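**Student:** need coordinates for the below:
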Amino acid sequence: MDISRPDIAKKKKARRYIYAGAGLLTAIVITGALSRLKPAAPSVDRSTIWTDTVRRGPMQIEVRGLGTLVPETIVWLPAQTDGRVEKHLLAGITVKKDTIVMELSNSQLQQTTLNAKYALKGAQAAYQQTQATLQNQLMDKRTSAASTSSQYQQAKLKANADEELHANGLIADVNLKQDEVAAEELAKENDLAQKEVETFENSIPQQLAVQQATVNQDQALYNLYQSQMEQLKVRARIDGVLQEVDAEVGQQVTQGTVLAKVANQTQLKAALQIAETQAKDIQIDQKASIDTHNGLISGHVMRIDPSVVNGTRTVDVHLDGALPVGAVPQLSVEGTVEIEHLADVLFVGRPVHGDPESTAGLFKLADDGKEAVRVQVQLGRASVNTIEVLNGLQIGDQVILSDMSAEDNFDRVQLK
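**Tutor:** Purely as a prediction, here's the structure:
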């Protein structure tokens, strides 16, 4: 017969609770410990990264941009008057400044010019006729004045002779008086005749000036039409290459229509597209270097476009050096502008994710070169390939410059 032992059952149940509690506590402890463990450092293939060593010394602040070579001197040739295109040269031809690149015709202008020519000839003939008429009138007045002067002289001589006769009692008083009055009247007529000649002679330039004004007006009008006729021959205006011809033979064009473009290909400049954030530091006359992929050309900044297009500003660089072989307009180039020279600073190669005047997390290689640890680096001024280090690194430290964004959640990486 079995004997009931309730105390043994209670002990077994208590032991089970104790074991379960101990197991739960152990699991909690293990879980907490595991949660505090750092994740395993990922491995990075050393051949897929590039590094650089921190160094101290001079550093050149530069900005870089892509662009093209463009002519410094470009002349657009517009139509100076309405006309019809008769013939033109082909694009690509080398021209001189007096080369006729296109000829126009305008029959109405031609007729107007011819009319103006004949009007000028008529005005000139009228001037010459007026001049001859006035000279003839002047001669008539001089002849008349000379006759009056002769009569006066004769009357004066007669009056003098009569005075002697009167003194000798050979002539009556009345006769002497008549001769003296006649001489005095002729003297007045002589003075008036001489003044009339002088006045008329002085008036001739004024009378001719009216006719001369008509001649000048017709001359200016004829010169204008003649100039327009000459402008029907469109000339290059500069030595260079005819780059574009924008009109066809037989086409009717109006005044102001652009007909062609001529560029001087021996004087080229580099038009660089510089990011607006970098262009703010560029100044006129700063030194620059242009890579044509067939040689380097030194130059200096000559113009900075004040407007921003698609996040860039155009910077024109005048080329100081000789152009290499094959340098032509629209050739793709790469330009570097020197902004500032830093004499003695701590710097390193520019990392992929390292903006100027910012703090960046960079991986610094350990002494054994088997792993890299993330450090916070304060960066300063930046150039094309280098950047100033203000804090966080020392001379000789090696850092990873390539993109490490995939390891943003890790503070260290293994290098293999």
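**Student:** and the gap between Asn223 and Ala213?
**Tutor:** Per CB to CB, to the nearest Å, Asn223 is found 16 Å from Ala213. In this view, the C-beta of every residue, glycine as well, is placed from N, C-alpha and C.
**Student:** Gln398 now?
**Tutor:** Taking CB to CB, one finds Gln398 at 91 Å from Ala213.
**Student:** neighbour count: these two, which is higher?
**Tutor:** Using other CB atoms under 10 Å as the criterion, Gln398 and Ala213 rank with Gln398 on top: 18 against 12.
**Student:** not counting sequence-adjacent ones, nearest residue to that one?
**Tutor:** Nearest non-adjacent residue to Gln398, counting by CB to CB, 6 or more residues apart in numbering: Leu365, 4.2 Å away.
**Student:** where do the helices of the stretch 201-350 of the chain begin and end?
**Tutor:** Counting by DSSP state H, counting those that start in this stretch, residue ranges of the helices within the stretch 201-350 of the chain are 276-279.
**Student:** where along it do the strands fall?
**Tutor:** For the stretch 201-350 of the chain, applying DSSP state E, counting those that start in this stretch gives strands covering 233-235, 240-245, 252-253, 258-263, 268-275, 287-291, 296-304, 312-319, 332-349.
**Student:** which positions within the last one qualify as buried?
**Tutor:** Buried residues in strand 332-349, counting neighbours by 16 or more other CB atoms under 10 Å, are found at 333-339, 342, 345-349.
**Student:** from the chain's centre, how far out does the longest helix seen in the chain sit?
**Tutor:** Among all segments of the chain classified by DSSP state H, the helix with the greatest residue count is helix 107-167. On the basis of CA atoms, centre = their mean, to the nearest Å, helix 107-167 sits 63 Å off its chain's mean C-alpha point.
**Student:** other SSEs contacting it?
**Tutor:** helix 173-231 (3 or more CB pairs under 8 Å, 6 or more residues apart in numbering; DSSP states H and E).
**Student:** so the helix it packs on versus helix 107-167, what angle?
**Tutor:** 170 degrees (axes from the mean of the first three to the mean of the last three CA atoms, to 10 degrees).
**Student:** ok, what's across the strand from the residue lying closest to Pro71 once chain neighbours are set aside?
**Tutor:** Spatial nearest neighbour of Pro71, chain neighbours left out: Ala263 (3.8 Å); criterion: CB to CB, 6+ apart. Taking DSSP bridges as the rule, Ala263 bridges to Ile74, Val241.
**Student:** tell me the contacts of Ala263?
**Tutor:** Pro71, Thr73, Ile74, Val75, Gly240, Val241, Gln243, Pro329 (CB atoms under 8 Å, 6 or more residues apart in numbering).
**Student:** make it 6 Å
**Tutor:** Pro71, Ile74, Gly240, Gln243 (CB atoms under 6 Å, 6 or more residues apart in numbering).
**Student:** which of the residues you listed are buried, as a ChimeraX select command?
**Tutor:** In ChimeraX syntax, the buried subset of those is picked out as below (16+ other CB under 10 Å):
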select :71,240,243
